[in-house]
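*Asks:* Pasting the sequence and the predicted coordinates here, then a few questions.
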Amino acid sequence: MPRPILLLCYDFPPNQGIGGRRWAKLSRALAESGTKVYVIKASPVKGNKTSHWTEDTRHPNIESFELPRNYPRVLSHPGKSFLDKISFRFWKWLLMKQYEGTPFDLAIRWEKALLNQAKALITAKGIGNIIATGAPFNLMFFSAQLKRQFPDIRFICDYRDPWLTAVNYGIPALSYPRFLQEKNKQQAIFDTADYITCPNPFMLEEIRASADYPATNSKMRVIAHFYDPNELKSALDLQERRAEKLLLVYGGTLYMDLLPHFRNFLHSLDHLRQERHDLYARLAIEIYTKDQRFSDIFANHSCIRVQPEIGKAVFDRIAQASGLLIFLAHHNKDYLTTKFIENLPFRKPLLLFGEKGYTAKYILENKLGWVSGEPGPNFAEILDAIGSGTFAYNHSFPHEQFSLNSIRQELEKILQ
């Protein structure tokens, strides 16, 4: 049985956002297997909704300790007024004077409180493992001090996103000297951690390549994204209750760099409306996303409904769908994302519009769906096959390898 775990996760539920989902689920799985999990998290942002995964964190073996969120709100949630803009510039200037690297890291000004609380828990609870997950990446950097003070503890750094190659967190706009400061922070992680983990081998290689002196292979592990069978059970029971129309469903974030792929998708719909009006008339497309800024792009097609995200209720719509849409931008073309993994147990054809990469190859090689722009049937022909039930989906695909308990077992192999 692994020794107690100290998890350092900035936006652990009930904080809003996808950032806490991975470790809320893994903490619950560890807790149910008998491991005590102590969590240090930041206070929620005032006015934000409660996380969809809060219930997963309610277990006798999970105990959370909340610290004040000391990062200036005007930097994380910029306002539009003149005073907001002045305040934004002031805080950015001040943090750049006080801290190295990017000023847009939420763990800035959290170091002292984090380390004091962590040391108290390590001493009182017999902690054997520390897991620090980023972003924010300064959280992992600050946590390295704990390993140096308590060398017998196993220290694991879990990347949910790339660090130095990130398209956000202010990294792309850094001057070269400040970028080197971020690189030095990451190097401190590589030098200190017992294990470096992340959700897929492509990110692991990207992290490794971004360092001058990467961590040894023995330190690097993939702890993949996963689906929770308990979360999907009620939706899977709806599988036979199909929608009357040819229903395509998408649930998730819509990124700005997806615009060319949206145009490709809409061009396919334009062609369908002109050449196969019978098929177009049967089509219903539901897009559930927090990114309502894209609603106007799809307005020319009455078959498309762009709606606010509906949390776990989206699984009920997926269960009744005929096929599932996937839009992938360049930065995640090689990643089997959480949303991708959660689609697999429903055994529905996946229709990909986006950058070609590992995910597109994975869909085609495993016969899980169709990829726009690849040789073979066009969009209309695929919809015909799906609607008639003749699409050759690989129903024997072993999606259980991505179940929560399978990934928990992988994690337990590196715990002390």
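*Replies:* Nice, I can see it.

*Asks:* Now do the SS call for K41.
*Replies:* The local conformation at K41, judged by DSSP: H, G, I helix; E, B strand; the rest coil, is strand.

*Asks:* try L351
*Replies:* Put simply, L351 is strand when judged by three-state DSSP.

*Asks:* What about it, how many residues nearby?
*Replies:* Around L351 sit 24 other residues, with neighbours defined as other Cβ atoms under 10 Å. For glycine as for every other residue, the C-beta is placed from the backbone atoms N, C-alpha and C.

*Asks:* what helices or strands is the helix or strand of the chain with the lowest mean pLDDT leaning on?
*Replies:* One helix or strand of the chain scores below all others by mean pLDDT, DSSP states H and E: helix 229-236, with a mean of 87. Here helix 229-236 touches helix 314-319, going by 3 or more Cβ pairs under 8 Å, 6 or more residues apart in numbering; DSSP states H and E.

*Asks:* got the buried residues for stretch 26-42?
*Replies:* Neighbour counts over stretch 26-42 (16 or more other Cβ atoms under 10 Å) mark 26-31, 35-42 as buried.

*Asks:* quick one: which of those residues sit in helices?
*Replies:* In this view, these that belong to helices under DSSP state H are 26-31.

*Asks:* got the residues you listed as CSV, with distance to D334 and pLDDT columns?
*Replies:* Formatted as CSV, those follow (distance: Cβ to Cβ, whole Å; pLDDT from 0 to 100):
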residue, distance to D334, pLDDT
L26, 22, 97
S27, 27, 98
R28, 28, 97
A29, 26, 97
L30, 28, 97
A31, 32, 97
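
*Asks:* from these, which single one is nearest M1?
*Replies:* Nearest to M1 among these is L30, at 10.4 Å by Cβ to Cβ.

*Asks:* Tell me how many other residues crowd P78.
*Replies:* 11.

*Asks:* Just give the closest residue to it, not the sequence neighbours.
*Replies:* F88 (5.5 Å; Cβ to Cβ, 6 or more residues apart in numbering).

*Asks:* what's the helix or strand for the one you found?
*Replies:* Secondary structure assignment for F88, by DSSP states H and E: helix 82-98.

*Asks:* Report the distance from that helix to the chain centre.
*Replies:* Averaging C-alpha positions (Cα atoms, centre = their mean, to the nearest Å) puts helix 82-98 29 Å from its chain's average.

*Asks:* Give me the contacts around it.
*Replies:* Residues from elsewhere that reach helix 82-98 (Cβ atoms under 8 Å, 6 or more residues apart in numbering): 72, 74-75, 78-79, 103, 108, 178.

*Asks:* Kindly recompute the last result at 7 Å.
*Replies:* 72, 74-75, 78, 103, 108 (Cβ atoms under 7 Å, 6 or more residues apart in numbering).

*Asks:* for stretch 24-32, same thing?
*Replies:* Against stretch 24-32 from outside (Cβ under 7 Å, 6+ apart): 5, 7, 12-13, 37, 39, 53, 56-57, 59, 61-62, 228, 404-405, 408, 411.

*Asks:* what's in contact with the host helix or strand of K183?
*Replies:* In this assignment (DSSP H and E), K183 forms part of helix 176-192. Applying Cβ under 7 Å, 6+ apart, the contact partners of helix 176-192 are 100-102, 137, 140-141, 144, 147-148, 155, 157, 163-164, 171, 174, 196, 211, 213-215.

*Asks:* Now, those that are in strands?
*Replies:* The members of the contacts of helix 176-192 that map onto strands under DSSP state E are 155, 157, 196.

*Asks:* Quick one: those as TSV, columns for neighbour count and pLDDT too.
*Replies:* Formatted as TSV, those follow (neighbours: other Cβ atoms under 10 Å; pLDDT from 0 to 100):
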residue	neighbour count	pLDDT
F155	23	98
C157	30	97
I196	22	96
